[in-house]
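J.: Have a look at this prediction, sequence included:
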Amino acid sequence: MNDYSKEAQKALASPRLQASLHTLQDRFGKGAMALWANMEDQEMRRRVKKSRLKNLEHLDILLAELARNVRARGGKVYFAETAQDAIDYTLKVARDNKVKRVVKGKSMISMEIGIDPALEEDGIEVVETDLGEYIIQLAGDKPSHIIAPCIHMDRKQIGQLFAEKLGMDYTDDPPTLTMAARKELREKLLSADMGLTGCNLACAETGHISLVSNEGNIRMATTMPPVHVALMGMERIVATLEEHRETVQLLTRGAALQKLSTYVSFTGGPSSADDPDGPKEFHLVIIDNGRAKILADPEFREVLACIRCGACLNICPVYGRIGGHAYNSSYCGPIGAVITPLLDGINKHADLCKGETLCGACKDICPVQIDLPRMLAALRQKLAYASDRWDTRQHNPAEAYGFTIWRLIITRKPLYRSLLKIGRLFQRVFIKKNNMISSMAGIASGWTDGRDLPPIAKKTFTELWEEKYRNRQAAAAPETEENQ
Amino acid sequence: MSGKTVSLFIQCLVDTMFPETGEAMITVFDKLGIPYDYPTGQTCCGQPAFNSGYTRDAAAAARHFIDLFEDTEVIVCPSGSCVHMVRHHYPELFTDDPAMHSRALAIGAKTFEFTQYLVDELNITDVGAEYVGAVTYHDSCHLSRGLGIAAQPRVLLRNIRGLELIEMKDSDTCCGFGGTFSVNYPEISVAMADEKIDNILATGAGTVTGCDISCLMNILGRISRRQKDVKVRHIAQLLAGPTGGKA
Ligand code: SF4
């Protein structure tokens, strides 16, 4: 069995996880759909989508403008082509500043490039300051949601974890636990040498990046330590402040049904004489790591319009059953199922491409209406026929052969009919008293292991038509030729 | 009433496993005096291949379908996902072939899902049927999200005499079928079906209905395995009234 299915089975077997996922989806998935339906400005989503796509068209110009404006304010900008480049640069900044402790703001791209282990190997202490990420870090676990990383844990587990790791008395009272974390984190924040964050959105016009949070940790992580390094996926940019305003609103609505998050931190450079608060050094690391390749392919470019709000996770019926760990990636849920294979290999993540029903709920809920189902189908096409562009080989030659045969059959009705007749003979032994087939071999067992299957009917509709209805319709349009 | 002859587009699963659904559609059309024919060369619209990424094989199915149905007046199908395939995906399959592309668009423009055809095209909201009992309705994904059809089946159902429509929780959440997904990832698929079935059972309705046999087959298969006492009926069967196909 593949790892995706294995992890899925584990998740399905956990009533606790199932309950959390239900609560999450009932609240945030439905909430976002209601928000979109009732939003006064029904054009907003379309407008933002349009601006996202437009900005992707001019990405080079916008990034140059952003870099110019950040540098003009004394910030440093580094373009990292690969994850390793980004890591190397950040490590160098850390070494140059003799950094011992890094406090982090919640950032998916930091996980994507794998920077934590690299820093730790260098003897640097890395502390997550987002409460959810902090819990995950204490537990030595992996996030299972891009916004709510510890959605798979309940407060009892968190209480036990805190008792064990922070040496406090066991409690599962959320305010008490939060205060305990706050106390720990405050010390870390006050004594850190470097803040490391992601970037929710960058604005080319103003040359700033912005970060949303509800805990205030980001504000501290970006202003208290002497050095701030922000890691930015190169597509997370808007042209103007006006676009920025609307995009952030969609982001926080999609993520948490908030008109605006409690904090939106704007950062654009180091402190200066007339702006004394903030770090002495500000570094913006703009990361490609496979994005340019996506940008160059019109079939997948749209996925770069994503603003990582996580709303698609909150409605996806597959994510809602299996949770985030099955995706085995920094990005889970529908967005993860599309972006992970594109960034990290389509063959390697074939199960992410194939493991959804294409129900379309993610497209509906997405603030910028990204057509993820279309792209899942396109990814499957790469797996079906191989693709040089995407360095992808045919995933399942037996399946491909099966569809070649299928094609022969469905384009030849007489053959199709003969095969149905043969099938009808063969199926007899399988039909149970309830007129259902309840066990089959091979791949078909995937159906019958959990479900019954109605047999081929005694007479197909085509046969019934010929016997009962064709002549009644003699006056109607002439019969079409069978076969081709 | 439109005098157009309806060409029946009978989904392969209906043809082979649920012919009573096709017959029920005929019963309704007879009752309404709508003429119809059935191009007997039809097989499968190509959806399984398309959803699995085999677009070339799906294109072969599309060509077969287009050749067969090109000269028809209007095409009506008792399956939302097949209509979605013809309308939305056929043109995509021929983006490099302008001639086929426009043929695909033309076919798509005259292909309708059964309830959509009755309500939107013919303005029929009451077919004079009777079905006594409580019924709950499943919104299949390609029908409700892809084609935007949700009100049409409901108005038809509400006008069936004796029928009480009880909405289930999350009626528009996927049932877990997903074509080859259902056999490739059975644990997830069955878990999704279970969720759907629990919501069906919670309504207390004795019958669940919908406009897509594929989803209904998934729901039926799991209901049968769980030995629950809920009837699964295609909406055409309810609209055909007491004579609407076998029980
Ligand atoms: S794909 Fe859309 S819904 Fe999903 S995370 Fe990105 S922006 Fe949000």
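T.: Right, received. Where do you want to start? Residues are numbered from 1 along each chain as shown, chains lettered A, B, ... in the order given.
J.: Show me where chain A has its strands.
T.: In chain A, strands defined by DSSP state E lie at A:76-80, A:101-104, A:125-128, A:194-197, A:201-203, A:208-213, A:227-233, A:237-238, A:263-267, A:281-287, listed in chain order.
J.: ranking those by burial, who's on top?
T.: Neighbour counts (mean count of other CB atoms under 10 Å in any protein chain shown) averaged over each of these peak at strand A:194-197, with a mean of 29. For every residue, glycine as well, the C-beta is placed using N, CA and C.
J.: care to break chain A down by domain?
T.: Listed by automatic domain parsing, the domain ranges of chain A are A:39-289, A:413-478.
J.: Nearest to B:L220, out of the strands of chain A?
T.: Nearest to B:L220, of all these, is strand A:227-233, at 45.1 Å by CB to CB.
J.: Which strands or helices does that closest one pack on?
T.: If contacts are counted by 3 or more CB pairs under 8 Å, 6 or more residues apart in numbering or on different chains; DSSP states H and E, strand A:227-233 sits against helix A:83-96, helix A:108-113, strand A:194-197, strand A:208-213, helix A:217-223, strand A:281-287.
J.: What mean pLDDT does it get?
T.: Strand A:227-233 carries an average pLDDT of 98.
J.: what's A:I322 in contact with, if anything?
T.: Residues near A:I322 by CB atoms under 8 Å, 6 or more residues apart in numbering or on different chains: A:7-8, A:11-12, B:188.
J.: Tell me which of those fall in helices.
T.: Taking DSSP state H as the definition of helices, the contacts of A:I322 contribute A:7-8, A:11-12, B:188.
J.: Those residues: which ones sit near the ligand?
T.: Of the residues in the ones in helices among the contacts of A:I322, proximity to the ligand by CB under 6 Å from any ligand atom holds for none.
J.: now for these, which pair is the farthest apart?
T.: Using CB to CB, the ones in helices among the contacts of A:I322 span at most 10.6 Å, a distance reached by A:E7 and B:I188.
J.: who's more crowded, the two?
T.: Each of A:E7 and B:I188 has its neighbours counted (other CB atoms under 10 Å in any protein chain shown); B:I188 has more, 27 against 18.
J.: Can you check the pLDDT for that one?
T.: In this model, B:I188 is scored at 97, pLDDT.
J.: where's it relative to A:L419, distance?
T.: For B:I188, the distance to A:L419 equals 30 Å [CB to CB, to the nearest Å].
J.: And for A:S445?
T.: Here A:S445 is placed at a distance of 21 Å from A:L419 (CB to CB).
J.: And for A:A64?
T.: Taking CB to CB as the measure, A:A64 falls 61 Å from A:L419.
J.: Show me which residues of the stretch 151-300 of chain A sit near the ligand.
T.: Neighbours of the ligand within the stretch 151-300 of chain A, by CB under 6 Å from any ligand atom: A:G254.
J.: Contact partners for the residue in the stretch 151-300 of chain A that the ligand sits nearest to?
T.: Here the stretch 151-300 of chain A gets closest to the ligand at one residue, A:G254, 5.2 Å apart by CB to the nearest ligand atom. Shown in contact with A:G254 (CB under 8 Å, 6+ apart): A:32, A:307, A:309-311, A:365-367.
J.: what's the answer for A:V77, then?
T.: Contacts for A:V77 were tallied using CB under 8 Å, 6+ apart; they are A:66-67, A:70-71, A:283-284, A:286.
J.: residue ranges for the helices of chain B, please.
T.: Using DSSP H, helices in chain B cover B:12-16, B:19-32, B:47-51, B:55-69, B:80-84, B:90-93, B:98-109, B:114-116, B:141, B:151-158, B:181-184, B:186-203, B:213-225, B:235-239.
J.: low pLDDT regions in chain A?
T.: Across chain A, the ranges flagged by pLDDT under 70 are A:473-484.
J.: for it, longest helix please?
T.: Ranked by number of residues, the top helix in chain A under DSSP H is helix A:174-191.
J.: Give the other helices and strands that that one contacts.
T.: Judged by 3+ CB pairs under 8 Å, 6+ apart, helix A:174-191 is in contact with strand A:101-104, helix A:131-139, helix A:155-166, helix A:217-223.
J.: for those, which one sits closest to B:H142?
T.: When those are compared (using CB to CB), the closest one is helix A:131-139, at 35.4 Å.
J.: residues making contact with that closest one?
T.: Contacts for helix A:131-139 (CB under 8 Å, 6+ apart): A:104, A:106, A:127-128, A:142-143, A:148-150, A:153, A:158, A:161-162, A:165-166, A:178, A:181, A:184-185, A:215, A:217.
J.: Pick out the residue closest to the middle of chain B.
T.: Closest residue to the average C-alpha location of chain B: B:S79 at 1.9 Å, with CA atoms, centre = their mean.
J.: Surely that one and B:V14 touch.
T.: Yes. With contact defined as CB atoms under 8 Å, B:S79 and B:V14 form a contacting pair (7.0 Å).
J.: now, which of the ones in helices among the contacts of A:I322 sits nearest B:Y54?
T.: B:I188 (21.6 Å).
J.: For the closest residue in space to that closest one that isn't next to it in sequence, list the residues it contacts.
T.: Counting by CB to CB, 6 or more residues apart in numbering or on different chains, A:A8 is the residue found nearest to B:I188 once chain neighbours are left out, at 5.3 Å. Counting by CB under 8 Å, 6+ apart, A:A8 touches A:321-322, A:326, A:355, B:185, B:187-188.
J.: and the longest strand for chain B?
T.: Ranked by number of residues, the top strand in chain B under DSSP E is strand B:130-137.
J.: how many other residues sit next to whichever residue of chain B sits closest to the ligand?
T.: Chain B approaches the ligand most closely through B:R145 (14.7 Å), counting by CB to the nearest ligand atom. By other CB under 10 Å, 21 other residues sit near B:R145.
J.: got the phi/psi numbers for the spatially closest residue to it that is not a sequence neighbour?
T.: Counting by CB to CB, 6+ apart, A:G360 is the residue found nearest to B:R145 once chain neighbours are left out, at 4.1 Å. Phi and psi for A:G360, reported as degrees, to the nearest 10, are phi 90, psi 0.
J.: so how far is A:Q369 from A:G360?
T.: With distances taken as CB to CB, A:G360 is found 11 Å from A:Q369.
J.: Any idea what the closest residue to A:G105 other than its chain neighbours is bridged to?
T.: Leaving aside its chain neighbours, A:G105 sits nearest to A:T197 (3.5 Å; criterion: CB to CB, 6+ apart). Beta-bridge pairing of A:T197 under DSSP bridges involves A:A230.
J.: got a list of what the closest residue in space to A:T404 that isn't next to it in sequence touches?
T.: Distance criterion CB to CB, 6+ apart; nearest residue to A:T404, sequence neighbours excluded, is B:D57 at 6.9 Å. Listed by CB under 8 Å, 6+ apart, the contact set of B:D57 reads A:403-404, A:406-407, B:46, B:49.
J.: Buried subset of those, written for PyMOL?
T.: Applying 16 or more other CB atoms under 10 Å in any protein chain shown to the contacts of B:D57, the buried members can be selected in PyMOL as follows:
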select buried, (chain A and resi 403+406+407) or (chain B and resi 46+49)
